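> Compute the structure for the input listed below.
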Amino acid sequence: MAICVRVWEWSETSQTVCVLTREHGLVRGLAKGSRRPKAAFSGGFEPITRGEIGLITKPGRELAIVTHWDLTWVLAEARRSLDVFYGGLYAADLAGRLIQDHDPHPGLYGALSDCLARLPLGVDSAVLGFQWAALDETGHRPELWADVRTGEAIELAEVMGFDPHLGGLVSDPGSGSNASVWRVRGETIGLLRALARSEKGHTGDDSRAARLLHAYSSYLIGKPIASGNALWGPLDGLVGAGDERATARGLRRSFR
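Got it, this is the predicted structure:
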């Protein structure tokens, strides 16, 4: 089984695809003749769909050969709701950017499948759950209980400091002289702590928490994900992980 992450036109008759599989991770392949009427690709390729796929990989070749595709699941609500559509695209794109090709992450595949199924029930909640799972699965889980510089425990406060460069909370919530730290509402950190503990019925603004993790993920990747901007608005000033001070200045007002 595979989830289609992205599709590009290769020629008048063929496409290149990027799929996430449970056993082989992210795979990019060439589907020769997939745009022909009688091609062996049932249902066609479309982002955020799931299907049975056949792949032939060869050492030294960037693209696998896609031998067949049998579409088995479509997120129908994405054709009726732009938020659901963008939420699905964002989750798929985030998954594709956080891992390397051919690096299996069964947990990430399962989390993406679960997110896509839950999107019609609430976009922000479904995406937030996936963001956390994706960061955790790929080793980027932020530290939410202790100062990442000193290791000392941090209690919830009205305003808290988050340093994206160090990957978690710091005791100093940020000031004009500490531009690398984002100021974040304590209730947002409380929501993320509950999410990390897998606590049900947590309270808080899922949208604000999702935007924070979107900013953090974008910082790690080096650029914002366009579908995330469509959901929560642009991350003004985000310039990539190489310039954390400029990044923090641009995002300072985002999470208060």
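
> Domain map for this protein?
2-137, 159-251 (automatic domain parsing).

> Mind checking the pLDDT average for the shortest one?
Computed over domain 159-251, the mean pLDDT rounds to 79.

> oh, and call the first residue 47 from now on, that's how I've got it
In the new count, where the first residue is 47, that last one comes out as domain 205-297.

> partner strands of the strand ranked longest in the chain, parallel or antiparallel?
Scanning the chain for the longest strand, with DSSP state E as the assignment, gives strand 110-120. Next to strand 110-120 in the sheet, as set by DSSP bridges, lie strand 71-77 (parallel), strand 87-88 (parallel), strand 95-102 (antiparallel).

> sorry, back to before: quick one, which of the domains of the chain gets closest to Asp193.
Set against Asp193 and scored by Cβ to Cβ, these come closest in domain 205-297, at 5.0 Å. C-beta coordinates here come from the backbone N, C-alpha and C atoms, glycine included.

> Give me the distance from that closest one to the chain's centre.
Centroid displacement of domain 205-297 relative to its chain, using Cα atoms, centre = their mean, to the nearest Å, is 14 Å.

> how about the helices in the stretch 47-196 of the chain?
With DSSP state H, counting those that start in this stretch as the criterion, the stretch 47-196 of the chain has helices at 128-144, 152-164, 169-183.

> check contacts around the closest residue to Phe176 other than its chain neighbours.
Spatial nearest neighbour of Phe176, chain neighbours left out: Cys161 (3.7 Å); criterion: Cβ to Cβ, 6 or more residues apart in numbering. Neighbouring residues of Cys161 by Cβ atoms under 8 Å, 6 or more residues apart in numbering: 134, 137, 172-173, 175-176.

> any idea which residue sits dead centre in the chain?
Nearest residue to the geometric centre of the chain (Cα atoms, centre = their mean): Leu140, 2.8 Å.

> what residues are up against it?
By Cβ under 8 Å, 6+ apart, Leu140 lies in contact with 176-177, 180, 263, 271, 274.

> Turn the strands paired with strand 110-120 into a markdown table, including mean neighbour count and mean pLDDT.
Output for the strands paired with strand 110-120, formatted as a markdown table (neighbours: other Cβ atoms under 10 Å; pLDDT from 0 to 100):
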| stretch | mean neighbour count | mean pLDDT |
| --- | --- | --- |
| strand 71-77 | 21 | 95 |
| strand 87-88 | 18 | 85 |
| strand 95-102 | 18 | 95 |
